[in-house]
Structures are given as C-alpha cells and as structure tokens.
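Peer 1: Output the structure for:
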Amino acid sequence: MAKNNQKNIETIVIIEDDFALSELLKQKIDSMGFLVENFINGNNALPYILKSTDSLLVIIDFELPDINGIELVKRVHQTKKNIPFIVITGEGSEEVAINFLRLGVSDYLIKDSNFLANLKPSIEKTIINFNYQMQIELQQQIIAQNEKKFRLIFENMQDVFAILDSRFRIIEISPAIESLLQISPEKIIGKTIFNLETNRHLLKIAFHKLVKEKYITDFEIDICHKAKNIYRTCQINAKIIKSDEQHYAVITMRDITNYKQLQREFLTIATVTEEKERTRISEHLHDVVAPTLTTANRYLEMAVHPTKTMSEKNELINESRMLIEDSIQCIRQLSNISSSNVLSEYGLEKAFLKLQERFSKLEKPELKFTILLLHERFNPVLENIAYRTVTELVHNSLKHADAQQVVIHITEKENYFTISYRDDGKGFDYEAILVPKENATQQGLFLMNIRIKSLGGSIIFERLSKGISLRIDIPVKHYLLPA
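Peer 2: Coordinates of the predicted model:
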C-alpha cells in the first residue's frame, strides 16, 4: 500500500527584493499562523527550498536582482520537488503572469491597491488546490501498485487457444477454458463460439471483420457460462489460416477481467474526486462571484438614474468596474463546470430530457430522444461518461457536421446499456479520431472513444450516405447501484 506522506504546508517562503514590501508580506502571513522565511534574491532562496524537508509554499517576485522568477521555478521543477508557487508582478504584467501559469504556477497577484487584500484568499486557495493535487497523486500511487500486482498475474496466466471451422464451430480448445469458465473442453467442442458470448451481435460483427480482413486484434468481449453465472472479459486475437484446402480461425482469449475492474476503480476515484472539486467550484461561484456581480449590477442601475450628478455616476461606475474586475480575477482561477447539475441530482433520464429541452429552442438540429431504462440511477462513472458521450456527439453534429436532425436511442436490455446515435450531417472518418491530434476539431471524439473503452464498452460505427450511425454497448452489470 502507498503511504500517505502528505504534510500540511506550515512554512511560506517570500522572495522579494523590496524590503518594505517583504516586511508587509511577512506581517500579513504571520497573522495567518504560518512560519515565514524571507529572501531578497533567488540564489539565496534556492538552496533553502531544495534542502527543506517541510512542505513549502513560495511567494516569488518576477523581477529579482540575480535571477528572474521563471528561471527559479524551472530549476525547482527540474528537481521534481512538488512545491506550489504564487507569483507577484507589477500592474500591466498579465502576459508575464500567463507565462508563469503555463509553467504550473498555482496563482499570481498584481501589485495594485487590492494586493494585500487578495493575498490571504490566494494563499488559502493555493493550499486547497495543492492538497487536492496531493490526494490525486496518492490515489494514483495506489492504482499504480494495484496495476503492478495485476500485471504479475496477467503475464503469468494461461491464455485460451481455440481452432474454429468455417462456420465458427469449436473443433479444438485448450484446457485453460476450464479454469476460465469452469467448462470442460469436451462440452463445448462442436458448438459455435457464439454460445460463449453475452452479446452475440457484437461478436458477429467481430467475426464478420475477421472473414473480411483475415485477422482481428485486441477485440474485447464478455464471455460467460450462464448456467454457473460466470462472466469474464476477454481480449481476443484471431487469424484465418488455410490447411488442407480448408479455412480455419485460430483464436486466443486472454482474461482481462481484473484489469478492467482496476480501470473501473480508477475511473470511480477520478470521477468522485472530480465531482467534489466541481461542487467546491460551484459553491464558490454562488457564494462569492454571484453576490459581487449582483452588487456591481446594482451600482450600474443607480448610475443611470436621472437624479444622479455626473460625479456620483462616475463614482458608481468606478465601484462597479472594480467589483467586475474582482469577479473576473476569481473566475479566471476556477475550472469550467461541464457536468450537468440535473445529472448528479436526478439521473440520466432527466438530464437527457433537459438536454433535449435546451436544443428545442434551436432551428437545427432537431433532436429526437428515446429513453428506455430499467434502472433510474447508475454508478456515477457510467452516468457521467454516458452524458458526456451524448453531449459530445450532439456538439459535433451541431458545430461541425451541420446536421438537420439527430436521433438518439438510450436503452438498457440484455445486461447492456446502449446508446444508438444517428445524424444526417457531413459525417467524419472514425478511424481518424483514434489518433489524437493537438488542436484537432475531433479531439473530443477521441476522448469519447477512450472513455467508452475504459468502461469495457464497444463502439460500432457506420458512415452513411448522409451522416453517421453509431452504436455504443456498455456491460451494465458493473455499474448498477446496490439494491
């Protein structure tokens, strides 16, 4: 197990060559209960930062007499030491601040009239985000250790080998099938491979591809022994061979059930953590940003009142402008909330209906939904990925495909959660989205494919004469909530 070596930040390092400002910062931070170490240049501060065993937060001025802030941050990062930075810059230096943010600096403050007032919120937010990052890294360590354990098992397990005739009947199969499904080879020889599959439609598509292309690689499928309620996820590789003027299919089945379970656990951890952060951001927007903007709006309403003098109007407008700037600075630091609140509170069906209602106000595309689910709620992992998948597809149809109509069927049957999607737009090359391209318009579709595969799902794509048809099947048994 990974050990939690996370320490709370107790010491703040100030690197500022302006002695008066440095003392003001020290007094302010002292009052917050932190230990403070002051340095007037980077070369003196760097050895202390690198040798310290405490968790530090560094507040650094961009312009230092010996080394600029960007160079110092780079040197610290080269050592792999995980330290959050807050950069302070002069007014008009927003471009410098942006360069710092690209290096992974947590926040920046501008030396203006609100500088000292913004210091405490910036420190508090930076520490919260730093602790959040440490929690994520700890979870990743746990997942990595589990992954390592799994790979030891994975590399030593015995694969199932089988030979099929031209009608996909099993004529030979290795004894490993017994340890996999508790089925003796003798009981399934002579039967078709489809007897082991929980989704025959999907397997038929795979073997249709095998007949056409003569091989398939890394095809994931669920196989089962229904009588004993045994379900395993396997990775199938197959090739058509010819012997004695007859064609045969040689296939291998590798059990990846544990690996897929680890993927689901990682997704669950990531989703829960992400939702907590979104909730925090939402609360911050509601509690801090909204009241500030409301006040600014009220000032503007007062400023246009005919009884106000020009001096009073200018004063109200200036007050409003400062409030708006404060809100912009706050929002800049927050992540964009992309998940539907309706989804988290009420589930997929109501979230999809809300999505349909939102698009009903547009002339195109016309959005048609059919939703037939056996369960009201699913594991948040499935709900979030299903919702993101549909919204990404609709976004693509609206923005890139110029579709006039989108038809979506969401169903749950035969242990599968299925999304059927069709539009009449320009279409796209599905194979092209499997290769990530920076700044590509299909980056979202690439990520969609990754998410579906991580759930153990499959995607069947067809390019139509006008538009596309896409079917997604996800084995739902892993994502049902306890009764």
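Peer 1: Phi first, then psi, for residue 474.
Peer 2: phi -120, psi 120 (degrees, to the nearest 10).
Peer 1: in stretch 140-149, what counts as buried?
Peer 2: Neighbour-count burial for stretch 140-149, counted by 16 or more other C-beta atoms under 10 Å, picks out 142-143, 146. Using the backbone N, CA and C atoms, a C-beta is placed for each residue, glycine as well.
Peer 1: Quick one: name whatever helix or strand follows the lengthiest strand in the chain.
Peer 2: Ranked by number of residues, the top strand in the chain under DSSP state E is strand 230-243. Heading C-terminal from strand 230-243, the first helix or strand you meet, by DSSP states H and E, is strand 246-255.
Peer 1: Which elements pack onto that next one?
Peer 2: Packing contacts for strand 246-255, counted by 3 or more C-beta pairs under 8 Å, 6 or more residues apart in numbering; DSSP states H and E, involve strand 160-164, strand 230-243.
Peer 1: Stretch 367-381: end-to-end distance?
Peer 2: When the termini of stretch 367-381 are compared using C-alpha to C-alpha, to the nearest Å, they are 25 Å apart.
Peer 1: could you give the mean pLDDT of it?
Peer 2: For stretch 367-381, mean pLDDT rounds to 89.
Peer 1: Name the surrounding residues that touch it.
Peer 2: Contact with stretch 367-381 is made by 264, 267-268, 271-272, 275, 344, 347-349, 352-353, 355-356, 359-360, 383, 386, 394, 405-413, 417, 455, 476, 478-481, as judged by C-beta atoms under 8 Å, 6 or more residues apart in numbering.
Peer 1: cool, and stretch 90-108?
Peer 2: Contacts for stretch 90-108 (C-beta under 8 Å, 6+ apart): 62-63, 69-70, 73-74, 77, 84-89, 110-112, 122, 125-126, 129-130, 333.
Peer 1: and with 7 Å instead?
Peer 2: Under the criterion C-beta atoms under 7 Å, 6 or more residues apart in numbering, residues 62, 69-70, 73-74, 84-87, 89, 110-112, 122, 125-126, 129-130, 333 lie in contact with stretch 90-108.
Peer 1: Kindly format the C-alpha coordinates of that stretch as PDB.
Peer 2: Taking C-alpha atoms only, stretch 90-108 is exported to PDB below (Å, rounded to 0.1, in the frame of the first residue of the first chain):
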ATOM      1  CA  GLY A  90       3.600  44.800 -11.300                       C
ATOM      2  CA  GLU A  91       0.500  46.200 -12.900                       C
ATOM      3  CA  GLY A  92       0.400  45.700 -16.700                       C
ATOM      4  CA  SER A  93       2.300  42.400 -16.400                       C
ATOM      5  CA  GLU A  94      -0.500  40.000 -17.100                       C
ATOM      6  CA  GLU A  95       1.400  38.400 -20.000                       C
ATOM      7  CA  VAL A  96       4.300  37.600 -17.600                       C
ATOM      8  CA  ALA A  97       1.700  36.000 -15.200                       C
ATOM      9  CA  ILE A  98       0.300  33.900 -18.100                       C
ATOM     10  CA  ASN A  99       3.800  32.600 -18.800                       C
ATOM     11  CA  PHE A 100       4.100  31.600 -15.100                       C
ATOM     12  CA  LEU A 101       0.700  29.800 -15.200                       C
ATOM     13  CA  ARG A 102       2.000  27.800 -18.200                       C
ATOM     14  CA  LEU A 103       4.800  26.500 -16.000                       C
ATOM     15  CA  GLY A 104       2.300  25.200 -13.500                       C
ATOM     16  CA  VAL A 105       2.400  28.100 -11.000                       C
ATOM     17  CA  SER A 106      -0.700  28.000  -8.800                       C
ATOM     18  CA  ASP A 107      -1.700  31.700  -8.800                       C
ATOM     19  CA  TYR A 108      -0.500  35.200  -9.400                       C
END
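Peer 1: can you give me how far it is from the chain middle?
Peer 2: 25 Å (C-alpha atoms, centre = their mean, to the nearest Å).
Peer 1: can you check stretch 17-30 too?
Peer 2: Computed by C-alpha atoms, centre = their mean, the chain-centroid distance of stretch 17-30 equals 40 Å.
Peer 1: cool, and stretch 127-140?
Peer 2: Between the centre of stretch 127-140 and the centre of its chain there are 15 Å (C-alpha atoms, centre = their mean).
Peer 1: The chain should start at 29 in everything you say after this.
Peer 2: Sure, I'll start counting at 29 from here, so that last one is stretch 155-168.
Peer 1: wait, residue 209 sits on residue 253?
Peer 2: Yes: at 4.3 Å, residue 209 counts as touching residue 253 under the criterion of C-beta atoms under 7 Å.
Peer 1: could you dump the helices and strands packed on strand 274-283 to JSON lines with mean pLDDT and distance to residue 487?
Peer 2: Output for the helices and strands packed on strand 274-283, formatted as JSON lines (pLDDT from 0 to 100; distance: least, C-beta to C-beta, whole Å):
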{"stretch": "strand 188-192", "mean pLDDT": "87", "distance to residue 487": "25"}
{"stretch": "strand 258-271", "mean pLDDT": "87", "distance to residue 487": "16"}
